[in-house]
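> sequence unknown, structure follows:
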C-alpha cells in the first residue's frame, strides 16, 4: 500500500521546516550577536551547499527545475568571481573581521549565490514557501556577512541585486524554453568561468565551476532521457539517488581540494557525468 507521500509534498514539508529554523536562528543571532550563529547563517551562502540543494530539488521535486537552478548557481558564481576581481573593490578593514576572508569585497558572493538560487526557485515554481525562503535566506546571509565584518552593506546589496537579475533572467528562459534553456545557462557559465580561469581570478573556484558547467553542457543532449528516468522513479529510489549523488559529490570535493585548476576542472566534469548515470543505474539494479 502506498504511504501517500509524494516528492512535492515531502519538499514542501522540508521547506517549511527550513524556513522556521532559519527564522529562529536569525532571531537568536540578532539577539545574542553570536559569532557561531552568524557563521551558521553565512554557510547558507556557500556554493557547495546549493549544488547539494539543487540535487535535492532534482530528485525530490522536479528534475528540470533542479537542473535549471543548478545552472543559476553556477552562472551566478562565475559572474560573481569575474565582477569581484575585475572591480577589485576592497572589503572592510581586517580589524573588523570576525572570521577569515579572501578576495575583494564587491559584490558579496555568499549573498549573490543564495539570492540566485532561492529567487530563481521561487520564480520558476511560484511556490509560496519558495517565495518566503527567497526573502528570508538571502536576508539572513547578507546580515551575517555584515555582522561578521567581512562585507559592507553596499557589498551585500550589490550581490542581492545581481543575484535577483540573474535568477529572473534564467527563470524567464526556463519558463519560455523549458528544457531548451539548460544549454544556454550552462554555456554562459562555461564562458564566464573559463575567462576567470584564464585571467587567474580565483582559479580554484573558477575551475570547479568550469568543470561542472562543461560536464552538464555536454550532457544536455541526453537531458530528456535523464528527466524521464527521474520522473518515473518511486520516492524511495529518488532518496537513494540523492544520497548516492551527494556521496559522489562529497568524494570529489574532498579528493580535489588540493588539486591544480586543470585537475579540478576535470574532476568536476567527471562528477557531472557520474551524477547523470545514477538514476539509470539504480533503476536497472532494482
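Received it, and whenever you're ready, just let me know what you need. Model, not experiment: these values are computed from the prediction.
> from here on, contacts and neighbour counts on C-alpha atoms
Noted.
> for residue 101, which three-state class applies?
Here residue 101 is recorded as coil under DSSP: H, G, I helix; E, B strand; the rest coil.
> that one and residue 92, how far apart?
Distance check for residue 101 against residue 92: by CA to CA, to the nearest Å, it reads 10 Å.
> overlap in contacts of these two?
residue 150 (CA atoms under 8 Å, 6 or more residues apart in numbering).
> and those two? Which one has more around it.
residue 92 (16 against 13; other CA atoms under 10 Å).
> packing partners for the strand or helix carrying residue 135?
Assigned by DSSP states H and E, residue 135 belongs to helix 128-147. Contacts defined by 3 or more CA pairs under 8 Å, 6 or more residues apart in numbering; DSSP states H and E place helix 128-147 against helix 7-32, helix 35-42, helix 109-125, helix 153-177.
> buried ones in it?
129-134, 136-147 (16 or more other CA atoms under 10 Å).
> returning to that earlier point: switch the helices and strands packed on helix 128-147 over to a markdown table; also include mean neighbour count and mean pLDDT.
Listed next are the helices and strands packed on helix 128-147 as a markdown table, based on neighbours: other CA atoms under 10 Å; pLDDT from 0 to 100:
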| stretch | mean neighbour count | mean pLDDT |
| --- | --- | --- |
| helix 7-32 | 15 | 80 |
| helix 35-42 | 19 | 93 |
| helix 109-125 | 28 | 91 |
| helix 153-177 | 20 | 91 |
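> mind checking which of the ones you listed is nearest residue 219?
helix 153-177 (17.3 Å; CA to CA).
> for that closest one, the distance to its chain's centre please.
13 Å (CA atoms, centre = their mean, to the nearest Å).
> how far does the helix or strand following it sit from its chain's centre?
Per DSSP H and E, the first helix or strand lying C-terminal to helix 153-177 is helix 181-199. Centroid separation for helix 181-199 versus its chain: 15 Å, with CA atoms, centre = their mean.
> understood, closing this out.
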